[in-house]
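# just need the structure, nothing else, for what follows:
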Amino acid sequence: MALSAGIIPSEVPSSYHEAISCDEEWKSAIDAELESLVANKTWEIVDKPADAVVIDSSTIYFSYDGTYYRQKEETPMGSRISGIVAEDVTDKILDYAKGRLSCLLPFCRKYIDDVITAIPKELIQQSLEILNSFDPRGTLQSTIEEEANNSLPFLHMRVIREVTTEGSTLLTDWYRKQISSSRYIHYKSYHPMSMKINIILNLKTRVTKPSHKCVNKNLRILLGILGENGYPHEILTRSIFNTGNSIEILQQPGPIAEENEQEQIKQKYISLPYIEELTPLLNKLIPSEKFILATRNVKQLRSFFTKHKDHTSLLQCNGVVYKIPCQNCEAVFIGQTSTFLRQRLSSHRSDNNTKKKSSALAIHAVEEEHQPVFDAVEVLDRERNLEGRLFMEMVRISQEEHSVNSRKDIQNLSIMNSLLIEWDKNQNTRGRVPQGSVDVVG
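The predicted model follows:
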């Protein structure tokens, strides 16, 4: 990864249109960058080909210890586009190398940027030099791993060259790296039982598919690994040894599979947080012919790890549900925005100054002659998806006793959700102790 450090504006726009509209410095920087690209003949401006696919590869910034860094080359690890780019580049490198090798490859298998093939031993060094000559800058460099004891690991399997009187045959076996932690979701973890069973079946498929000869041995190893993760022996024995491979059955072609695929296209997925006492009951109320329920964990792994990156300041947050209190009364305004919060507050301030009744907040401020406390804004929820954010906004408005939002802001909230919110309010009210109602007996 190539990085350049420097001082750039503290508020980084999330798109080109936002950059050219929010700050003249950003527009000047964009123009200078484009002029540099043209001068160095990095890009050539052409008309878009009819079969071309436009890929968004926005420049990546991150901040650490008050300094902003921009990635100058390649794509960042973890980005959704990185795998696509890596696979495309690997294809181009392979095409380049095949045309320059002095031998034909008997086979060549690739997964993203991992490749396995066979070449004569005396051509190993030559092939490495050819691969590394693809990029004259030397940024893209390849490494080669040779077979040892007639075997070579590739992804989660080991490819074995078995020599017989009739020649060599390639076999495969399940492979685990020496650094493998063998840790999976623990049986006592707060996940649905269906997810734990699926973990067993998925791992069974991962073990059995590449195993030519040592299936039972590998399954016993898997039994021990999952046993160390708290899975009961009875469940493991039943799932591993006494059941067929359900995943392979689902992948078999035929009219049944095609019919199931057509049915799934008509169905929609619903994602709900997994709450052991509530989610299974809600699942029974959801019509299975229309929806497929997927659960997610309330407590995510990222909440357990230290965050080394600088925290995003409150005003730079986007995709949020927020709350603005009133200085003169208990009223609050609940809103949502996809843009930076500072931009949304700027719009609210403008409406407040011009007495423009464009929102429930502005109506309350103008008609009651009250002053919103913009500096006391609070972020309630974060959600990139618009539908999810609108739902969270409606829930927050319904939960707030002193909301100034209009009735139409929650008109799309379902009856079931309204009843759950009302039930939650009643439960919280019962748990409160009214002020002055406790008598101390000495």
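
# what about stretch 312-321, average pLDDT?
Stretch 312-321 comes out with an average pLDDT of 87.

# residues touching the most centrally placed residue in the chain, list them.
Nearest to the mean C-alpha position of the chain, by CA atoms, centre = their mean, lies Arg80 at 8.2 Å. Contacts for Arg80 (CB atoms under 8 Å, 6 or more residues apart in numbering) come out as none. No exception for glycine: its C-beta is placed from N, CA and C like everyone else's.

# next, it: phi, psi?
Dihedral angles of Arg80 (phi, psi; degrees, to the nearest 10) stand at phi -60, psi -30.

# same deal with Val321?
In terms of degrees, to the nearest 10, the main-chain angles of Val321 are phi -110, psi 130.

# and the residue nearest to it when sequence neighbours are not counted, helix, strand or coil?
Leaving aside its sequence neighbours, Val321 sits nearest to Asp381 (CB to CB, 6 or more residues apart in numbering; 4.2 Å). Under DSSP: H, G, I helix; E, B strand; the rest coil, the three-state class of Asp381 is strand.

# how far away is Asp381 from Asn150?
57 Å (CB to CB, to the nearest Å).

# between these two, tell me which one has more neighbours.
Asp381 (16 against 11; other CB atoms under 10 Å).

# return the distance of that one relative to Gln399.
11 Å.

# flag the shaky bits of the stretch 101-250 of the chain, pLDDT-wise.
In the predicted model, the stretch 101-250 of the chain carries pLDDT under 70 at residues 243-250.

# in it, which spans are strands?
108-111, 114-117, 151-154, 157-164, 167-174 (DSSP state E, counting those that start in this stretch).

# can you say which of those strands is nearest to Gln336?
strand 108-111 (41.0 Å; CB to CB).

# could I get the closest one in CSV with only the CA atoms?
Below are the C-alpha coordinates for strand 108-111, written out as CSV (Å, rounded to 0.1, in the frame of the first residue of the first chain):
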residue,chain,number,x,y,z
CYS,A,108,-4.1,-23.7,-14.4
ARG,A,109,-6.6,-23.0,-11.6
LYS,A,110,-7.2,-19.6,-10.1
TYR,A,111,-9.0,-18.2,-7.1
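
# just checking, what packs against that strand?
helix 82-98, strand 114-117 (3 or more CB pairs under 8 Å, 6 or more residues apart in numbering; DSSP states H and E).

# format the ones you listed as CSV; extra columns: mean neighbour count and distance to Cys326.
Listed next are the helices and strands packed on strand 108-111 as CSV, based on neighbours: other CB atoms under 10 Å; distance: least, CB to CB, whole Å:
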stretch, mean neighbour count, distance to Cys326
helix 82-98, 15, 47
strand 114-117, 15, 59
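
# that older thread, can you say which of the strands of the stretch 101-250 of the chain is packed in most?
strand 151-154 (a mean of 17; mean count of other CB atoms under 10 Å).

# that strand packs against which elements?
Under the contact criterion of 3+ CB pairs under 8 Å, 6+ apart, strand 151-154 touches strand 114-117, strand 157-164.

# compare the ones you listed and give me the one nearest Leu314.
When the helices and strands packed on strand 151-154 are compared by CB to CB, strand 114-117 sits nearest Leu314, at 42.7 Å.

# neighbouring strands of the closest one in the sheet, and parallel or not?
strand 108-111 (antiparallel) (DSSP bridges).

# any idea how far Asn328 is from Lys209?
For Lys209, the distance to Asn328 equals 68 Å [CB to CB].

# and Val215, by the same measure?
Distance, Val215 to Asn328, by CB to CB: 75 Å.

# please apply the same query to Arg220.
73 Å.

# all helices of the stretch 301-442 of the chain, in order?
Remark: helices assigned in the stretch 301-442 of the chain by DSSP state H, counting those that start in this stretch are 341-354, 360-368, 386-399, 415-431.

# ok, which of those helices comes nearest Phe374?
When the helices of the stretch 301-442 of the chain are compared by CB to CB, helix 341-354 sits nearest Phe374, at 5.3 Å.

# in a markdown table: the helices and strands packed on strand 108-111, plus distance to Ile185.
Shown next, in a markdown table, are these (distance: least, CB to CB, whole Å):
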| stretch | distance to Ile185 |
| --- | --- |
| helix 82-98 | 24 |
| strand 114-117 | 26 |
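
# among these, which gets the worst mean confidence?
helix 82-98 (a mean of 88).

# please write out the alpha-carbon positions of it in CSV.
Extracted C-alpha coordinates of helix 82-98, given in CSV (Å, rounded to 0.1, in the frame of the first residue of the first chain):
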residue,chain,number,x,y,z
SER,A,82,-10.6,-4.9,-4.3
GLY,A,83,-11.5,-8.6,-5.0
ILE,A,84,-12.9,-7.6,-8.4
VAL,A,85,-9.8,-5.6,-9.4
ALA,A,86,-7.4,-8.4,-8.0
GLU,A,87,-9.1,-11.0,-10.1
ASP,A,88,-9.1,-8.9,-13.3
VAL,A,89,-5.4,-8.0,-12.8
THR,A,90,-4.5,-11.7,-12.2
ASP,A,91,-6.2,-12.7,-15.4
LYS,A,92,-4.2,-10.1,-17.3
ILE,A,93,-0.9,-11.3,-15.7
LEU,A,94,-1.7,-14.9,-16.6
ASP,A,95,-2.4,-14.0,-20.2
TYR,A,96,0.8,-12.1,-20.3
ALA,A,97,2.9,-14.9,-18.8
LYS,A,98,1.3,-17.7,-20.9
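
# off-centre distance for that helix?
24 Å (CA atoms, centre = their mean, to the nearest Å).

# and if you look at stretch 411-427?
Taking CA atoms, centre = their mean, one finds stretch 411-427 lying 30 Å from the centre of the chain it belongs to.

# do the same with stretch 227-246
Its chain's average C-alpha position is 30 Å from that of stretch 227-246, according to CA atoms, centre = their mean.

# for that stretch, buried residues please.
Across stretch 227-246, burial judged by 16 or more other CB atoms under 10 Å covers Asn229, Tyr231, Leu236, Ser239, Ile240.
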